[in-house]
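J.: Predicted model, plus sequence, below.
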Amino acid sequence: MIRMFILSEVDIIHEALVINGAVFNDRPAFLGIMSGSGSKKGMVALESGPFHRYQRLFTREIMRALGIGCVKGEKHFTKSLTELCQHLTESTGRPLDARTTLSSFVFYSFSVFFFGNASDNNQALIKLRDSPTELLHQNPAFILASNILPKHFVEQLMPNKKKLTDSFLEIFQGRRQQQQLKDDTWSTDTSLDSFLDGILAIQKQYMNKNNSSSSSVHDAGNQGDGNHSNVMDKAAAALAPDEHYMQMFFDFFTVGAETSLVELLWVLQMVMLYPEWQRRIQEELDQVVGTEDAPSLLHKRRLHATMATISEVYRFRPVAALGAPHRVTQDMFLRGYFIPEGSYILTNIYAAHHDSKLWKEPDTFDPGRFLDAGGKFKIPNRMVTFSAGQRSCPGEMWTRSLIFLYITTILQKFTLRFPDNEDRPDVMGEPGINYSPCEFKICAVPR
Ligand code: HEM
């Protein structure tokens, strides 16, 4: 019998995933079956240990080199934001389905970040952009079936996965051919265009190991321990084949693009349900950014109501409400409870964010809780929207940039309203693998 424990308070989540991370950060095997990867490929279902550490290290290094979370990384969003504003302008205030409208732009931002311009001519990715749900959506029954059916049946149930990973491989190999023409000094230190370029640099570093004594993934992971470097080298060797990277791309796409889209939809819905906060955001955008310049991450520190509203949505409606399952690698006591080896752990992020010991009136949407008496934004430190510890979300900075830039760019130019004569969506949303808002329509009225 496998036991499952659900952690529902921020301190306990922290104690398990951060302080006792070595024991609490493995994944249950069923996740590998669900993602079609097994526990030795990709990132989401990967067993804990050196492979996982190595992937996290180079992911962090590539994100840093791409400037994700800083002004340098804003370029990944520019084109999709311009096209979105054009689309909203052309809609002339007519009701638009929020999900259908936003999804293609968010998925496009995602593919630009991942593949740069290399994605522009790939048919499968163009299709993904045009109808993302068609490619990524899987029947929920599949999740149950994947636990009991043999692997080749599961693959037949996931035809979209094959389409997607084939297109990733095509882009990957095409780009590698182009990059092979470049000289050997090309690495993650040089300016990268996309996550894909970062992966190619990592592969090249591995192949040219003798030249990799300057800043490299191996150095980044080496904390003065010769054995550590050795272990990382072995992990690099095991992960060198392309198929590992294809599964990693697949994991990032399926986990990342949908979750960030859904969180963005929550933010939009909340500013429409609470127009007083929408007005406050617009007023401060007018003061701080004006109407001519594009909002930038540099403005974050001066956009207090904006930051407070986004943070309150992260608290109030965390899209990954139950996190992702963990597996315990040895017998353990946590707060007096005995947790046997092999137990599954879920983090109830929703409950942690609605804990009345930490939050006054937790079921009320109130961005004001993140503002001090002078109206300045107070950085929240009791939230786990992106989880915590070695398995915490590697896409956090990308998502935070996306949501900030989308909300500020849209509200600088448009006022969002529900269509007249239509019921407001239920703020409780819809439960599911992702905690999503109910369907709603947007009227974007130019300001
Ligand atoms: C609002 C958007 C997002 C939220 C709320 C979110 C939240 C989370 C949470 C709660 C986890 C589970 C962590 C754990 O197991 O303890 C997770 C894992 C993960 N997320 Fe995100 N995520 C978001 C967007 C993204 C994006 C954009 C990407 C990709 C760029 C991404 C990639 C991943 C991956 C690969 C994992 C597995 C990490 C591992 O097992 O080491 N996520 N995310």
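T.: Nice, I can see it. Numbers count the residues shown, from 1 in each chain.
J.: CA only for contacts and neighbour counts going forward, please
T.: Fine.
J.: now the helices: where do they sit in the stretch 151-300 of the chain?
T.: Here the stretch 151-300 of the chain has its helices, by DSSP state H, counting those that start in this stretch, at 151-157, 159-180, 195-207, 217-221, 226-239, 242-251, 258-273, 275-288.
J.: Could I get the average pLDDT for the longest one?
T.: When the per-residue pLDDT values of helix 159-180 are averaged, the result is 77.
J.: Could you check how many residues crowd around N421?
T.: Other residues near N421 number 6, with proximity taken as other C-alpha atoms under 10 Å.
J.: ok, it to the ligand distance?
T.: Counting by C-alpha to the nearest ligand atom, to the nearest Å, the gap from N421 to the ligand is 31 Å.
J.: mind checking which of the helices of the stretch 151-300 of the chain is nearest P380?
T.: P380 lies closest to helix 258-273 among the helices of the stretch 151-300 of the chain, at 16.9 Å (C-alpha to C-alpha).
J.: Below-threshold pLDDT in the stretch 1-150 of the chain: ranges please.
T.: 32-40, 118-120, 122, 124-125, 127-150 (pLDDT under 70).
J.: Find the closest residue to the ligand in it.
T.: V44 (3.9 Å; C-alpha to the nearest ligand atom).
J.: Residue numbers of the stretch 301-447 of the chain in contact with the ligand?
T.: Residues of the stretch 301-447 of the chain found near the ligand (C-alpha under 6 Å from any ligand atom) are 318-320, 323-324, 385-388, 391-396, 398-399.
J.: helix/strand/coil for T415?
T.: strand (DSSP: H, G, I helix; E, B strand; the rest coil).
J.: host element of the residue lying closest to it once chain neighbours are set aside?
T.: Sequence neighbours aside, V445 is the residue nearest to T415 in space, at 5.1 Å (criterion: C-alpha to C-alpha, 6 or more residues apart in numbering). For V445, the element it lies in under DSSP states H and E is strand 441-446.
J.: Tell me the buried residues in that strand?
T.: K441, I442, C443, A444, V445, P446 (16 or more other C-alpha atoms under 10 Å).
J.: what's the spacing between the nearest residue to the residue of the stretch 1-150 of the chain closest to the ligand once chain neighbours are set aside and the ligand?
T.: Of all residues not flanking V44 in the chain, D251 sits nearest, at 6.4 Å (C-alpha to C-alpha, 6+ apart). Separation of D251 from the ligand (C-alpha to the nearest ligand atom): 6 Å.
J.: Could you count how many residues lie near D251?
T.: 19.
J.: pLDDT at it, what is it?
T.: 82.
J.: before we move on, what about the one 4 residues further on?
T.: The model reports V255 with a pLDDT of 81.
J.: tell me, how many neighbours does it end up with?
T.: Counted with other C-alpha under 10 Å, V255 comes out at 17.
J.: shift numbering so it begins at 8
T.: I'll keep to 8 as the first residue from here, and by that count the last item is V262.
J.: one step back: how about the buried residues of strand 448-453 in CSV, adding pLDDT?
T.: Formatted as CSV, those follow (pLDDT from 0 to 100):
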residue, pLDDT
K448, 97
I449, 97
C450, 97
A451, 98
V452, 97
P453, 96
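J.: Tell me which residues touch G375, please.
T.: A312, A315, T316 (C-alpha atoms under 8 Å, 6 or more residues apart in numbering).
J.: If anything else comes up later, I'll come back, but that's it for now.
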